[in-house]
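*Asks:* Task: produce atomic coordinates for the following.
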Amino acid sequence: MLANKTIVLGITGSIAVYKAADLASRLTQAGARVEVVMTEAATRFVTPLTFRSLTGRRPIDMFDLDSEPGIGHIALAKMADIVVIAPATANIIAKLAAGISDDTLTCTVLATRAPVIIAPAMHTFMFQNPITQDNLAKLRARGFIIVEPACGRLASGGIGQGRLAEIEKIIGTIKQVMGKSDDLAGKCVVVTAGGTQEPIDPVRYIGNRSSGKMGYALAKAARDRGATVTLVTAPTSLPEPAGIEVTHIRTATEMKEAVAKAVSRADVLIMAAAVADYQSKSVAKAKIKKESPSLTLELVRTPDILTEVKGNFLKVGFAAESEDIVANARRKLDKKNLDLIVANDITDPESGFGTDTNKVTIISKDGKTESLPLLSKREVADRILDRVVGLLKR
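*Replies:* Predicted coordinates for the structure are as follows:
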């Protein structure tokens, strides 16, 4: 979605400027035209040559407006699809809040009609200062999007909030903002992900091998296509995606409750989670000691979320099968009254649990079947959403 888009990347004088190099590189690799605007202070941390090497375009600063013929702040402001300032210092935030335009970057921001994202990076005390917070509040009120800084070790050696947000979060925010006019704009999508954990005692649980990658890919793809997304996720090792409301749960019962709440405003529910089929009938309050050669557990069924959840929305399910893939998936589609089901062979080492790729068959209620080749999970997510968009238009 970033291909052929013009992103003006403003870079200010912060030690976090080295992360901006990674951001510029990743945006360029995604196909965007990245126009870098550096303040004078930024050039003291990293040379413009670094960004020219990464983007293939010469950075612009207030002392070098002729670096690219015809590229001044007004031209930049007009051509920008989005403006991103990362890192943004307290100084640049204060100038923008006050409407001061005394360099190419601030002039560009004041002249553009494109969305503006600001990712602050500074010492904790500076970020928490009421003046900085007041300036950020003013910018939010004017429509600027603020990517909150992360907590962690700072350049000063201290620990606190002020680190530049992770690059993945900044890119996620860019995609969210730029996708607001795409084919899922105005739609609410609920996605479940990960494998539920049904406790046996305070230490042990019944679980499965789901990594959550497919569900997270679907949530991010829906966000990038303009949807308002709620992700209900069982425990995973994946970072929270930017621009998505995330509800963390552990058990099937908790997932059922979270989904029931989320779908009250949903247009689509995509159940990509691997919900455990059984749970222990009773959960030990203390850790079960290894004192006997065997242990017998009585298991009972977990809630059938897809069957029990009610509402006027599209229902998409997943069928992870080891045999008779399509036939078993069709039975599940009919039994749970789904609009669409996605079946995959968990015995395939390239499309099973934990992989970055998937090879699936998409089956719709009307009997249409589409078998996809091996694709990345993000590509699979977009192919599924293509079908969802088609159903929504009916």
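*Asks:* what comes up buried for stretch 176-187?
*Replies:* Residues of stretch 176-187 classed as buried by neighbour count (16 or more other C-beta atoms under 10 Å): 176-179, 182-184, 187. Every C-beta, even on glycine, is put in place using the N, C-alpha and C of the backbone.
*Asks:* Send over that stretch as PDB, restricted to the C-alpha atoms.
*Replies:* Listed next in PDB are the C-alpha coordinates belonging to stretch 176-187 (Å, rounded to 0.1, in the frame of the first residue of the first chain):
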ATOM      1  CA  GLN A 176      -3.300   2.900   9.300                       C
ATOM      2  CA  VAL A 177      -3.600   6.600   8.300                       C
ATOM      3  CA  MET A 178      -3.000   6.000   4.600                       C
ATOM      4  CA  GLY A 179      -5.600   3.200   4.500                       C
ATOM      5  CA  LYS A 180      -8.500   5.300   5.700                       C
ATOM      6  CA  SER A 181      -9.900   5.600   2.300                       C
ATOM      7  CA  ASP A 182      -9.400   2.000   1.200                       C
ATOM      8  CA  ASP A 183     -12.000  -0.700   0.600                       C
ATOM      9  CA  LEU A 184     -12.700  -1.500   4.300                       C
ATOM     10  CA  ALA A 185     -13.000   2.200   5.300                       C
ATOM     11  CA  GLY A 186     -15.800   2.600   7.800                       C
ATOM     12  CA  LYS A 187     -16.100  -1.100   8.500                       C
END
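*Asks:* Number the residues from 449 up from this point.
*Replies:* Sounds good: first residue 449 from here, last item stretch 624-635.
*Asks:* what comes into contact with it?
*Replies:* 449-450, 453, 529-530, 563, 565, 593, 670-676, 690-691, 715-716, 833, 836-837, 840 (C-beta atoms under 8 Å, 6 or more residues apart in numbering).
*Asks:* got the CA positions of stretch 590-597 in PDB?
*Replies:* Provided in PDB are the C-alpha atoms of stretch 590-597 (Å, rounded to 0.1, in the frame of the first residue of the first chain):
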ATOM      1  CA  ARG A 590      -5.300  20.200  15.200                       C
ATOM      2  CA  GLY A 591      -5.400  16.700  13.700                       C
ATOM      3  CA  PHE A 592      -1.800  15.700  14.100                       C
ATOM      4  CA  ILE A 593      -1.200  12.000  14.900                       C
ATOM      5  CA  ILE A 594       1.100  11.300  17.800                       C
ATOM      6  CA  VAL A 595       3.000   8.000  18.100                       C
ATOM      7  CA  GLU A 596       3.700   7.800  21.800                       C
ATOM      8  CA  PRO A 597       7.300   7.200  22.700                       C
END
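*Asks:* Now do it: distance to the chain's middle.
*Replies:* 17 Å (C-alpha atoms, centre = their mean, to the nearest Å).
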